[in-house]
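Chemist: Fold the following for me, if possible:
(4 chains)
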2 protein chains.
Amino acid sequence: MSHDAPTFSPLYRQIKALILQALEAGEWRPGQAIPSEQELAARFSVSQGTVRKAIDEMAADNLLVRKQGKGTYVASHNDPRALFRFLRLVPMDGNLSHPQSVPLDCWRAKAGQEASRMLGIEPGAPIIILRRLLRFGAKPVVIDEIYLPGDLFQGLNLEVLQDWSGSLYSLFETRFGMRMIRAQERIRAVAADRSAAEALKLAEGTPLLSVERVTYTYGDKPVEWRRGLYSTADHFYLNELN
Amino acid sequence: MSHDAPTFSPLYRQIKALILQALEAGEWRPGQAIPSEQELAARFSVSQGTVRKAIDEMAADNLLVRKQGKGTYVASHNDPRALFRFLRLVPMDGNLSHPQSVPLDCWRAKAGQEASRMLGIEPGAPIIILRRLLRFGAKPVVIDEIYLPGDLFQGLNLEVLQDWSGSLYSLFETRFGMRMIRAQERIRAVAADRSAAEALKLAEGTPLLSVERVTYTYGDKPVEWRRGLYSTADHFYLNELN
DNA sequence: AAGTGGTCTAGACCACGGT
DNA sequence: CCGTGGTCTAGACCACTTT
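Modeler: Below you'll find the model as predicted:
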């Protein structure tokens, strides 16, 4: 009588782990092509079909992007298609203008109870706190407060943020080598406090979406905790259930 | 010089379409096993691998469920695991008790502007409107107003609802042959009006999540439109971003 | 023409569930 | 023991992109 955990791991998953390892080690950079399936098959001494199945899963995980006739590429947040992967906010009138990120503040602090729990770091460890506004056209729609582990984002400050024209995750990836892989959002309805009401130019007490997000990088390591307050007067949060 | 649409369709997708067709025609009922891969391969005169790829996609679409050593089954909302596929509400304290559905009202009406647009039916066509409360333990947490095409749910009334112990979609599937395949939710924050406040036992004006859902059956046909008001005092809407 | 990913096949063997 | 889905392989050919 044994309580063995299922110890069997198919070959293609082992290959997947190896490719993941290489990815994590930075052997190929975001946006670049990885070796062809044939090359990888030779490198790992397995058939092309086995490599293919490994890559299939990684493509489904949004870690790789297949392009027929060209090759397989490391997914990147610089890709404009990646923008709305994490931002599920859509204008009610259908006009989908690109949002504009406006950094407001950025300062250093020590992790409190909640931040340390969410980020999996010691209480008192250095963190960076960042406040920013998201505009769709002229309208302020989201006010975000973002908490980052200080050690992983050395040198991040307001000036760096203001100089960057792309998305935040694009910046994190390019400047700090931080790849955001997946996230979990907890959504609630709250009343706008004074500060949020001012930032979003709404009456105090207006109902807002409170979206708390924990974002993970390789190995399910949490590297960002943020709380966004969304004005849903002209936008809504869109979720597909499959 | 041609502007041909991509007309190429791989064999496994054609097989997928054929299986889907059989599924839609009710050749195999929800919860039942479909024929083995070998049998289907013989039936369609293709290799097992091609059938496998078709089934793989349908399993990813939550239309089929694979069970190693046993067979492949038609997905069913009677399966308890299917319950939280569409209900993304989670208690804040982690105690996940099963929600209890309490039907309040059920009446017949004619489709107005909005219902006709959402359900893809003629304005004035018969619809059924259904109000129900969702409880977690003793607490009322969600108040739903549900709009259904009248022709597809002949015989649905308050008594039928009260006699049913399972989920709504389970009832729809079992009693009306309606399989809910996918849904789209639009989430906003609103203030509780008098009626919602009463039902949820909250103060008027309390911020609530407004969750509008359109649910589709085979062929992307919309068959349900509902609006839920979620109290997020003790629960939150959980969304995984991959 | 050459190289990439995408499809299709056929056969062997493994893991799992029921008899 | 058998039947099911799951893995792995090897080879052929197709579709797409670039040279």
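Chemist: SS state for the residue nearest the centre of chain A?
Modeler: Chain A has A:Met180 as the residue nearest its centroid, 3.8 Å off, counting by Cα atoms, centre = their mean. Under DSSP: H, G, I helix; E, B strand; the rest coil, A:Met180 falls in the coil class.
Chemist: Go ahead and confirm it touches A:Tyr218.
Modeler: No: counting by Cβ atoms under 8 Å, A:Tyr218 is not a contact partner of A:Met180; they are 10.1 Å apart. Any C-beta I mention is one placed from the backbone N, CA and C, and that applies to glycine too.
Chemist: Let me know the helix or strand that A:Thr232 is in.
Modeler: For A:Thr232, there is no enclosing helix or strand under DSSP states H and E.
Chemist: how close does it sit to DNA strand C?
Modeler: According to Cβ to the nearest atom of the strand, to the nearest Å, A:Thr232 stands 38 Å off from DNA strand C.
Chemist: Show me chain A divided up by domain.
Modeler: A:11-74, A:80-237 (automatic domain parsing).
Chemist: can you give me the end-to-end distance of the longest one?
Modeler: This means domain A:80-237. One end of domain A:80-237 sits 19 Å from the other (Cα to Cα, to the nearest Å).
Chemist: next one: it to chain centre, how far?
Modeler: 10 Å (Cα atoms, centre = their mean, to the nearest Å).
Chemist: my guess is A:Trp164 contacts A:Leu171, does it?
Modeler: Yes: with contact defined as Cβ under 8 Å, A:Trp164 counts as touching A:Leu171 (4.7 Å).
Chemist: who has more neighbours, these two?
Modeler: Counting neighbours by other Cβ atoms under 10 Å in any protein chain shown for A:Trp164 and for A:Leu171 shows that A:Leu171 has the greater number, 21 against 16.
Chemist: Which helix or which strand is home to the more buried one?
Modeler: A:Leu171 belongs to helix A:168-176 when assigned by DSSP H and E.
Chemist: Give me the residues contacting that helix.
Modeler: A:30, A:76-78, A:82, A:86, A:101, A:132, A:146, A:152-156, A:160-161, A:164, A:166, A:178-180, A:224 (Cβ atoms under 8 Å, 6 or more residues apart in numbering or on different chains).
Chemist: Can you tell me which of those residues are buried?
Modeler: Buried members of the contacts of helix A:168-176, counted by 16 or more other Cβ atoms under 10 Å in any protein chain shown: A:30, A:76-78, A:82, A:86, A:101, A:132, A:146, A:152-153, A:156, A:161, A:164, A:178-180, A:224.
Chemist: Give the buried residues for the lowest-mean-pLDDT helix or strand in chain A.
Modeler: Across the helices and strands of chain A, mean confidence by mean pLDDT, DSSP states H and E is lowest for helix A:83-86: a mean of 92. The neighbour-count criterion (16+ other Cβ under 10 Å) identifies A:83, A:85-86 as the buried residues of helix A:83-86.
Chemist: if we can go back for a sec, let me have the domains of chain A in TSV, adding distance to DNA strand D as columns.
Modeler: Below are the domains of chain A laid out as TSV (distance: least, Cβ to the nearest atom of the strand, whole Å):
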stretch	distance to DNA strand D
domain A:11-74	2
domain A:80-237	15
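Chemist: The ones you listed into a markdown table, with extra columns for distance to B:Ile128?
Modeler: A markdown table is the format used below for the domains of chain A (distance: least, Cβ to Cβ, whole Å):
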| stretch | distance to B:Ile128 |
| --- | --- |
| domain A:11-74 | 39 |
| domain A:80-237 | 26 |
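Chemist: Out of those, the one nearest B:Glu122 is which?
Modeler: Closest approach to B:Glu122 among the domains of chain A (Cβ to Cβ): domain A:80-237, 23.7 Å.
Chemist: Ends of stretch A:88-103, what's the gap?
Modeler: From the first residue to the last, stretch A:88-103 extends over 20 Å; the measure is Cα to Cα.
Chemist: Counting neighbours, which bits of it end up buried?
Modeler: Of the residues in stretch A:88-103, A:88-91, A:99, A:101, A:103 count as buried by neighbour count, 16+ other Cβ under 10 Å.
Chemist: Any chance you could list what contacts it?
Modeler: Outside stretch A:88-103, the residues that touch it by Cβ under 8 Å, 6+ apart are A:83, A:87, A:130-137, A:141-142, A:158, A:161-162, A:167-168, A:230, A:234-239, B:186, B:239, B:241.
Chemist: Quick check: mean pLDDT of it?
Modeler: Averaging pLDDT along stretch A:88-103 gives 89.
Chemist: can you list the weak-confidence ranges in chain A?
Modeler: Residue ranges of chain A with pLDDT under 70: A:1-6.
Chemist: Look at the closest residue in space to A:Ala125 that isn't next to it in sequence and say how many residues are nearby.
Modeler: Counting by Cβ to Cβ, 6 or more residues apart in numbering or on different chains, A:Ala111 is the residue found nearest to A:Ala125 once chain neighbours are left out, at 4.8 Å. A:Ala111 has 21 neighbours, counted by other Cβ under 10 Å.
Chemist: list the contacts for A:Ala111?
Modeler: By Cβ under 8 Å, 6+ apart, the contact list for A:Ala111 reads A:119, A:121-127, A:147.
Chemist: So which of those residues are in strands?
Modeler: If you go by DSSP state E, the contacts of A:Ala111 have A:126-127, A:147 in strands.
Chemist: near chain B, which residues of chain A?
Modeler: Proximity of chain A to chain B, by Cβ under 8 Å from any Cβ of the partner chain, involves residues A:61-62, A:85-86, A:88, A:90, A:182-191, A:205, A:207-209, A:213, A:230, A:232, A:236-242.
Chemist: Just the buried subset of these, written out for ChimeraX, thanks.
Modeler: With 16+ other Cβ under 10 Å as the criterion, this ChimeraX line picks the buried residues out of those:
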select /A:85,86,88,90,182,183,185,186,187,188,189,190,191,207,208,209,213,230,232,236,237,239,241
